[in-house]
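here's a sequence, model it:
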Amino acid sequence: MERGAEKIVAKPEREARAKNKDKLSLQEVLSEIAGFRREILWGTLAFVVMFMTFFVSLMPQPVRVQVGDVSAVDIKAPREVIDVIATEALRQQAAANVPEQWEKDPKVLAELKTQVAAFRDAVALLQAGTPTTQEIIGSLRPFLSSSMSDSDIIALAASQPELLDTGVAKLLEVLEAGLSAGIKSENLLSAKADMVSDLSSASEIPAHVAKALGSFVDKNLKANWVLNEESTERERRKAVDAVEPVRIRRGQFIVREGDIVTEQQMALLVELGMVGPRVRFAAVAGACLMSALIIGVIYVYLRAHHPEVFGSQKLAVLASVLMVSVVTIGGMAAFTGFLIPAATGVLLVASLFDRRFGVLFSACMTLVTGTVTGFDVRFMALALSGGLTASLVLRSDWNRMHLIRAGFVVALTNTAIYIGLGLTGTVPLDDVLSWRDMLMVMVDGPFSAVLAVGLLPLFEAAFGIITPIKLLELSNPEHPLLHRLLLEAPGTYHHSIMVANLAEAAAMAIGADSLLARVGAYYHDVGKIKRPYFFTENQIQGMDNPHDKMSPTLSATVIMSHVRDGLELAKEHKVPQVIQDFIAEHHGTMLASYFYNKAAEGSGGKDARVPEEWDFRYEGPRPRTKETAVVMLADGVEAAVRSLSKPTPARIESLVRKMINDRLMDHQLDRCDLTLKELDIVSETFTKVLAGMFHTRIEYPEQKTK
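Predicted coordinates:
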């Protein structure tokens, strides 16, 4: 526990408090049930609206055409889609344009040289001995083609060695020259014929030797220019991968009126779901998943950071903002191009909640935009950048001009993002240079802001929500209810001003909404207007106290009824629900201890009934927000300190801590999010402000006369 917090709660009291279970008043039980029902109602409604929007986007309007039909209408793509047939044709063309990868096989020439050497050695071996005819033919036939007769082979063996060596040298020269240029399989016959011709025309070689060498070429020459199938396939694969898919963009014509529907166009219509089964289960599942994901993320965030939403009208506001945003984006995306006010919902959320929630809501709206536009990167990038900009530039103490200014900042950001998409090649530069698209991008931000400004009063009127603008209007002393309070219960009015000063300072110190706390304090006691003189601050000095002639039970009933009276007056003057919460919760379920003790003292007789404590407790509910809790504490502290005869800083601090501790031990602060550390800060702030209000004045001696 924090050191300062130990001043608030002593250890035995903390242990005793931990053992006690939270007891809910009937008012709080009913409030819990109503809050749960609101959660289910608005959550279900938001899910259904979002699901239907997604489903309509994923299930476009069907068309009744077949291949070969003449289209009676223009058919446009409802979302971006890849033209599979056109893309495949381009890929096939790209692969066909890649030439075959041929390469020389050096082993062919080496093998031929080896065979030539073996052929020459076989002839030399025969010439060195006295072989028979059959031995000569058997030794040389494997080197020569079938066109070489036996007599030609015998004549070759009888050739002079010098002439044979000259012929072999010429053969090697011809082979090297032919193979160096490369010989393909389909050119092998012509290459053989060219080499045989070269050998036959060589004057230094006898005819019978040239014939034998030509036969050798015919028998042994092979193609050395071979196809590298692996390399060819690799290059073609690269060419295919480099082909960009042919994209049909949202709004682009697929079939024009009067055109004959082709197989390619029909394939696109099938891919888009415009032809075929009316309901695709994948689309239904996708719409359900996306809707549940977005609502789930928002629910988890609110539970963690804004739990008070689930007990207030803000839940209805948020659900309405979500539904309006989804329907607006889904409805306008198909018709207005980039003029989809995705930033409108973000501005509303950031202004009604906080900027962090605005950032999260921006991500959700980006997902919505992607779903209804076929995840077009242009729309998603603009929705995300616009939403983030709108939520981050909006000030916490915003007004309508701040909203408009945020819209123009969104326009600048989105324009820069769109140009960047074109320069990086993510979006075709021609699209970026289109004046119509650029105009839509630039107008979208201010349009979103104007729409947000226009919707705010509608939400205020429909749900009674509070905005800084509305709070400033309510804080005007000329407001009918405050004006009545000033005229009919001036003491209460002054007390409310003092409480407002305390509450504002404490709320600001703990990071709560200080403006809301101040305005809530102005209205917390307006119920005293109905019976002002039953409250001590409005009693004129010397007048009789009406409670002296009333029973304690009746007095307690009259005193506690100012809460119910205040709610009736607030509803009559159409005061927002958030301010009504201050009226209902500023006493929680506290005990009217003065009248209870008085009743208990009066029941000292033998047969007297001991008063029920619950009859002397306020109906509640107890404070559910930091702001209403701070006003409760400020209300009690201000009244108590005002009754001190000598309000020194030490006595003020002691009384402040006692008052806060009493309410803490009475479980009045169990339902709000105030921590012990924050209570200590509140105590210190109250002490500082009250010490300034009730400081002891110096008594100046009377000026002596001469």
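
where along the stretch 51-200 of the chain do the helices fall?
Along the stretch 51-200 of the chain, the segments classed as helices by DSSP state H, counting those that start in this stretch run 84-96, 106-128, 133-140, 150-157, 161-181, 188-200.

check the stretch 451-600 of the chain too.
468-474, 480-488, 490-510, 514-523, 552-572, 577-585, 593-602.

out of these, deepest packed?
Comparing those by mean neighbour count (mean count of other C-beta atoms under 10 Å), helix 514-523 ranks first with a mean of 26. In this view, the C-beta of every residue, glycine as well, is placed from N, C-alpha and C.

what's the burial count for residue 191?
21 (other C-beta atoms under 10 Å).

which residues sit in contact with the nearest residue to it once chain neighbours are set aside?
The shortest distance from residue 191 to any non-neighbouring residue, by C-beta to C-beta, 6 or more residues apart in numbering, is to residue 183 (4.6 Å). When contacts are counted by C-beta atoms under 8 Å, 6 or more residues apart in numbering, residue 183 touches 191, 221, 222, 223, 224, 225.

what about residue 307, how many residues nearby?
12.

let me fix that: residue 672
21.

which phi and psi does it have?
Recorded main-chain torsions at residue 672 are phi -100, psi 170, according to degrees, to the nearest 10.

same check, this time on residue 255
The phi/psi pair for residue 255 (degrees, to the nearest 10) is phi -130, psi 130.

go on, residue 65?
When read as degrees, to the nearest 10, the backbone of residue 65 gives phi -140, psi 160.

circling back: closest one to residue 384 among the helices of the stretch 51-200 of the chain?
helix 84-96 (28.2 Å; C-beta to C-beta).

how about the contacts made by residue 345?
321, 322, 324, 325, 328, 361, 365.

of the residues you listed, closest to residue 161?
residue 365 (96.3 Å).

give the burial count for residue 393, as a bare number.
Neighbours around residue 393, by other C-beta under 10 Å: 19.

same check on residue 386?
33.

now swap in residue 589 and tell me
20.

which one is it nearest to, not counting chain neighbours?
Per C-beta to C-beta, 6+ apart, closest to residue 589 is residue 620, 4.2 Å.

thinking again about what came up before, would you turn the contacts of residue 345 into TSV with distance to residue 207, neighbour count and pLDDT?
Compiled in TSV, the contacts of residue 345 are given as follows (distance: C-beta to C-beta, whole Å; neighbours: other C-beta atoms under 10 Å; pLDDT from 0 to 100):
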residue	distance to residue 207	neighbour count	pLDDT
321	104	24	81
322	101	26	79
324	102	19	79
325	98	25	80
328	98	19	79
361	98	28	89
365	94	28	89
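
farthest-apart pair in the residues you listed, please.
Largest pairwise distance in the contacts of residue 345, by C-beta to C-beta, is 13.9 Å, between 328 and 361.

low-confidence stretches in the stretch 301-450 of the chain?
308, 311-313, 333-336, 396-397 (pLDDT under 70).

can you give me the helices for it?
Using DSSP H, counting those that start in this stretch, helices in the stretch 301-450 of the chain cover 314-332, 342-352, 355-372, 377-393, 400-423, 429-432, 435-463.

tell me how far the third one lies from the chain's centre.
Same thing as helix 355-372. Relative to its parent chain, helix 355-372 has a centroid offset of 4 Å by C-alpha atoms, centre = their mean, to the nearest Å.

tell me the angle of that helix relative to helix 377-393?
170 degrees (axes from the mean of the first three to the mean of the last three C-alpha atoms, to 10 degrees).

what sits closest to residue 268 if chain neighbours are left out?
residue 254 (5.3 Å).

quick check, the one you found in a helix?
No - per DSSP: H, G, I helix; E, B strand; the rest coil, residue 254 lies outside any helix segment and is strand.

need the contact list for it.
Residue 254 touches 75, 76, 77, 248, 265, 268, 269, 272, counting by C-beta under 8 Å, 6+ apart.

and the pLDDT at it?
At residue 254, the pLDDT value in this model is 83.

over to residue 30?
pLDDT recorded at residue 30 is 66.

so which of the contacts of residue 183 is the most crowded?
Busiest of the contacts of residue 183 [other C-beta under 10 Å] is residue 224, holding 23 neighbours.

the residue nearest to residue 589 in helix, strand or coil?
The local conformation at residue 620, judged by three-state DSSP, is coil.

how near is the closest residue to residue 251 other than its chain neighbours to residue 339?
Using C-beta to C-beta, 6+ apart and skipping the chain neighbours, the partner closest in space to residue 251 is residue 76 (5.5 Å). To residue 339, residue 76 is 18 Å away according to C-beta to C-beta, to the nearest Å.

what of residue 290?
Relative to residue 339, and taking C-beta to C-beta, residue 290 is found at 23 Å.

out of those two, which sits in the more crowded spot?
Between residue 290 and residue 339, counting by other C-beta under 10 Å, residue 290 is the more crowded of the two (21 against 17).

what about that one, which SS state?
Residue 290 ends up helix, using three-state DSSP.

list the contacts for it?
So residue 290 contacts 50, 54, 367, 371 (C-beta under 8 Å, 6+ apart).
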